[in-house]
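Student: kindly generate the corresponding structure for this input.
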Amino acid sequence: MKVGIIGAGNVGAATAFSLIMQGIARKVILIDTNQKRAIAEADDIAHAAPFSYAGKIRAGDYKELTGARVVIITAGANQKPDEPRTALLERNVRIFENIIPQVVKYAPECIMLIAANPVDIMTAVAKKLSGFPTERIFGSGTVLDSARFRTLLGYHLSVSPKSVHANVLGEHGDSEVLIWSNAVAGGIQVEELARSEGVPITPAIKQDIDHKVRNAAYSIIEGKGATAYGIAGALSRICQAIASNEHAVLNVSAFHEQLENSTDICMAYPCIIGKYGIMGKLAPSFSPQEHKDLADSAAKIKEFITQAYQYIHTK
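Tutor: Numbers count the residues shown, from 1 in each chain. Below you'll find the model as predicted:
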């Protein structure tokens, strides 16, 4: 599978490395306005490729996106310590106005995967700018947030996080919603399992897990300046589902005409991902409070999508 990555910064480079080392992509084109950086990252990753799969990676330009099955957009303004993702909005709309037309021109049949923050809003912006059908344009959503949730639950329960099925939905941001009501491990609701194992999930523990998941990015950015590996893993997982036509259920940020009392919104919700992109959307049942929280998250996203559309230059 050929993958184009727009943006050779921390996220783009880590994603390229992950795709090559796992053999998910056999060819990666890395594009950045800083061509020297793109060449250096591509060369560095290429030197690691012989230790894994026979993938090829190189720096290129938009013309070389021709034939790419997936184009990942990581380019965008960096999030500063303690800065909410929505503060990036106007800066990233400007960046997308330059990127999206080029992707459409040279890779009109690709699946466009958005990773730039605020990802839900930027996915809506990319859809508006590209005119792509809903199934072929979506964001990384809360795939990473859900992994963080599962990791912390796994540690608490002393089971592999891969055996925990728990979801974070809504905004990839401050209003995201941890879905406790249908979180399970081994077919057992996690709170019930925790009690039976003598490690009950008390309100304090639940609050601590919620805080760590919700604020993980802020903590990482404070410590090292940027997040990279977690989101690279999430993007690679999505690409893997596309490459293998897996029909995996992943919490990507997709366009919904109607969802949680909001209309025409991009928000993370369970979707079936395969070779054509989004091949189905699921509508699980949650607790009344979780539905209320998701509706509040949707309303917040809708507000910022409306704001973002105002930043788009009309032609």
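
Student: Asn34 against Gly7, yeah?
Tutor: No: counting by C-beta atoms under 8 Å, Asn34 sits too far from Gly7 to count as a contact (9.8 Å). Every C-beta, even on glycine, is put in place using the N, C-alpha and C of the backbone.

Student: between those two, who's got more neighbours?
Tutor: Neighbours were counted for Asn34 and for Gly7 using other C-beta atoms under 10 Å; Gly7 has more, 26 against 13.

Student: in what helix or strand does Ala299 lie?
Tutor: In this assignment (DSSP states H and E), Ala299 forms part of helix 288-311.

Student: and the next helix or strand past the strand or helix carrying Leu169?
Tutor: Assignment of secondary structure by DSSP H and E places Leu169 within strand 164-169. Proceeding N to C from strand 164-169, the next assigned helix or strand is strand 177-185, under DSSP H and E.

Student: tell me the strands beside that following strand, with direction?
Tutor: strand 164-169 (antiparallel), strand 188-189 (antiparallel) (DSSP bridges).

Student: nearest to Ala232, of those?
Tutor: For the strands paired with strand 177-185, the distance to Ala232 is smallest for strand 164-169, at 18.1 Å, taking C-beta to C-beta.

Student: and the closest one, how far from the chain's centre?
Tutor: 14 Å (C-alpha atoms, centre = their mean, to the nearest Å).

Student: also stretch 6-21?
Tutor: 14 Å.

Student: strands of the protein, start to end?
Tutor: 2-6, 27-31, 56-59, 70-73, 111-114, 137-139, 164-169, 177-185, 188-189, 248-250, 253-259, 262-268, 271-274, 277-281 (DSSP state E).

Student: Lys212: neighbouring residues, count only.
Tutor: 14.

Student: list the contacts of Ser181.
Tutor: By C-beta atoms under 8 Å, 6 or more residues apart in numbering, Ser181 lies in contact with Phe286, Ser287, Glu290.

Student: okay, now the first one: neighbour count?
Tutor: Pointing back at Phe286 there. Applying other C-beta under 10 Å, I find that Phe286 has 18 neighbouring residues.

Student: so it touches Leu294, yeah?
Tutor: Yes: judged on C-beta under 8 Å, Phe286 makes contact with Leu294 at a distance of 7.1 Å.

Student: returning to what we had before: closest to Val177 out of the contacts of Ser181?
Tutor: Nearest to Val177 among these, with distances taken as C-beta to C-beta, is Glu290, at 6.0 Å.

Student: what about the closest one, distance to Trp180?
Tutor: Distance, Glu290 to Trp180, using C-beta to C-beta, to the nearest Å: 8 Å.

Student: Lys206: which of the strands of the chain is closest?
Tutor: If we rank these by C-beta to C-beta, the stretch that ends up nearest is strand 177-185, at 7.1 Å.

Student: can you give me the buried ones in that closest one?
Tutor: Val177, Leu178, Ile179, Trp180, Ala183, Ala185 (16 or more other C-beta atoms under 10 Å).

Student: could you dump those residues to CSV with distance to Ala216 and pLDDT?
Tutor: Below are the buried residues of strand 177-185 laid out as CSV (distance: C-beta to C-beta, whole Å; pLDDT from 0 to 100):
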residue, distance to Ala216, pLDDT
Val177, 15, 97
Leu178, 12, 98
Ile179, 17, 97
Trp180, 17, 97
Ala183, 17, 97
Ala185, 21, 96
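
Student: among those residues, which one sits closest to Val168?
Tutor: Nearest to Val168 among these, with distances taken as C-beta to C-beta, is Leu178, at 5.4 Å.

Student: report the beta-bridge partners for the closest one.
Tutor: Val168.

Student: surely it touches Ile209?
Tutor: Yes: assessed by C-beta under 8 Å, Leu178 is found in contact with Ile209 at 7.4 Å.

Student: now the common contact residues for the two.
Tutor: Phe149.

Student: rewinding a little: tell me which of the strands paired with strand 177-185 sits most buried.
Tutor: strand 164-169 (a mean of 23; mean count of other C-beta atoms under 10 Å).

Student: hey, C-alpha coordinates of that strand in CSV?
Tutor: Extracted in CSV, the C-alpha atoms of strand 164-169 (Å, rounded to 0.1, in the frame of the first residue of the first chain):
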residue,chain,number,x,y,z
VAL,A,164,-9.8,-4.6,27.5
HIS,A,165,-12.6,-3.2,25.3
ALA,A,166,-13.3,0.4,26.4
ASN,A,167,-14.1,3.5,24.4
VAL,A,168,-13.6,7.2,24.5
LEU,A,169,-16.0,9.0,22.2
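
Student: buried set for the helix or strand of the chain with the lowest mean pLDDT?
Tutor: Every helix and strand in the chain was compared by mean pLDDT, DSSP states H and E; the lowest is helix 216-224, with a mean of 91. Within helix 216-224, the residues that count as buried by 16+ other C-beta under 10 Å are Ala216, Ala217, Tyr218, Ile221.

Student: appreciated, that's everything.
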